[in-house]
Structures are given as structure tokens and as C-alpha cells.
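Enquirer: whatever this is, show me its structure:
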Amino acid sequence: MVGTAIGFADSRRLVRRTGIRPGMKIVVTCARGRRWGQRWALSVARSLGISLAFSLRKRLERADMVLRLPVEETKALIATGGVRGGMDLSDGVGGALEILGRENRIGFILNEYALASLIHSDAIEVGRSLGIDPAAFALSPGYNWENLFGIDSESWAECES
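Expert: Down below sits the predicted model:
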């Protein structure tokens, strides 16, 4: 599925890949609190012919039929006024950080606990059956319709409170 939009936007409201600086927090959306990885786990299981328990396969298949875009979450983050850059996560967290790092000439330190907390328990189960770290589902490209933003420290403090 591909979508294209052509129109006019207020340049002051655009979120670009540049503008992220050292010391900023990197935040990601989770549309309606949904955890990640079910769709990608199903794709991997199908591609590799992995046998899954019937109930797990059905849960993964149901999740694959639901597309949730982080519209409200993205609007709320941008409304803080502290978003300085970002991009969608279709390239996975790993791909997005590589692109943003290159564009902004910075590096990132991943919080493994925070990354692991994003992964759905069904994807964790599939990851364990493959013998891989379930966080790979967040770092890998595809099947992730969320956004990643660099937000300044002051706005981050307001979000936390």
C-alpha cells in the first residue's frame, strides 16, 4: 500500500530529519498503547515456516488485519512545541536512528529496557522460539507504523509530569 499527498504546509510546523541535537530525548509513538512486533513476527513465522501454537497464530493473524496509525499520539507530541526532528519508523528503530544519526551527525545510546518494553508478548514468544532477542522486531524494518521524534529536554520534562 502506498499513499501520496500533495499540498501546502506551514513550514514552521514541518518535522524534518534534521534538528536533533545531543542531550535530547528520543521518543516513539505507540498508537493507542499498542505494543509492537505482532505483524512482523507473523511475517517471519510464515517466511521461515515456523510452527506456532494455534492460539498464537490466530492472535498474530488478527493483529495483521489491524492498521493503527499514531495520529493522536503524534499530534500530542508535536503540540508540546519541543519536537526538533524525527521520522516514521518504517525502516525500524535501527534504520531510523542510522538515518537520523547521519543527517544530524550524532550518535544514540539505546535504553535496552525501554526498547524491550515496546515489544508485544506474542512477538516475544516468537522471538524466543527463533532464539533471537525479541527487540530485533523493533530494530528491523517493516510492519511498524509508528513515529520517532527528538524532543528537547524542557518539553520532555513537561511530558513526564
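Enquirer: which residue ranges of the protein form strands?
Expert: Secondary structure of the chain (DSSP state E): strands at 25-28, 83-88, 147-151.
Enquirer: closest to Leu67 out of these?
Expert: Among the strands of the chain, the nearest to Leu67 by CB to CB is strand 83-88 (13.5 Å). Using the backbone N, CA and C atoms, a C-beta is placed for each residue, glycine as well.
Enquirer: what does that closest one contact?
Expert: The contact list for strand 83-88 (CB atoms under 8 Å, 6 or more residues apart in numbering) reads 15-21, 24, 77, 96, 99-100, 103-104, 145-152, 155.
Enquirer: make a PyMOL selection of whichever of these turn out to be buried.
Expert: Remark: buried members of the contacts of strand 83-88, expressed as a PyMOL selection using 16 or more other CB atoms under 10 Å:
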select buried, resi 15+19+20+24+77+96+100+104+145+146+147+148+149+150+151+152+155
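Enquirer: list the residues that contact Ser155.
Expert: Here Ser155 is in contact with 80-83 (CB under 8 Å, 6+ apart).
Enquirer: list buried residues within the residues you listed.
Expert: Counted by 16+ other CB under 10 Å, the contacts of Ser155 give 80, 82-83 as buried.
Enquirer: what's the lowest-pLDDT member of the residues you listed?
Expert: pLDDT across the buried ones among the contacts of Ser155 is lowest for Thr80, at 87.
Enquirer: so what's that one closest to, chain neighbours aside?
Expert: Ser155 (4.3 Å; CB to CB, 6 or more residues apart in numbering).
Enquirer: from Lys25, how far off is that neighbour?
Expert: From Ser155 across to Lys25, the span is 9 Å (CB to CB, to the nearest Å).
Enquirer: let's see the helix or strand of the chain with the lowest mean pLDDT as PDB, backbone CA atoms only.
Expert: Within the chain, no helix or strand scores below helix 153-160, which has a mean of 74 by mean pLDDT, DSSP states H and E. Extracted C-alpha coordinates of helix 153-160, given in PDB (Å, rounded to 0.1, in the frame of the first residue of the first chain):
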ATOM      1  CA  SER A 153      14.700  18.300  27.500                       C
ATOM      2  CA  GLU A 154      12.300  21.000  28.700                       C
ATOM      3  CA  SER A 155       9.400  19.600  26.700                       C
ATOM      4  CA  TRP A 156      10.300  16.100  27.800                       C
ATOM      5  CA  ALA A 157      10.100  17.100  31.400                       C
ATOM      6  CA  GLU A 158       6.600  18.500  30.700                       C
ATOM      7  CA  CYS A 159       5.600  15.300  29.000                       C
ATOM      8  CA  GLU A 160       6.700  13.200  32.000                       C
END
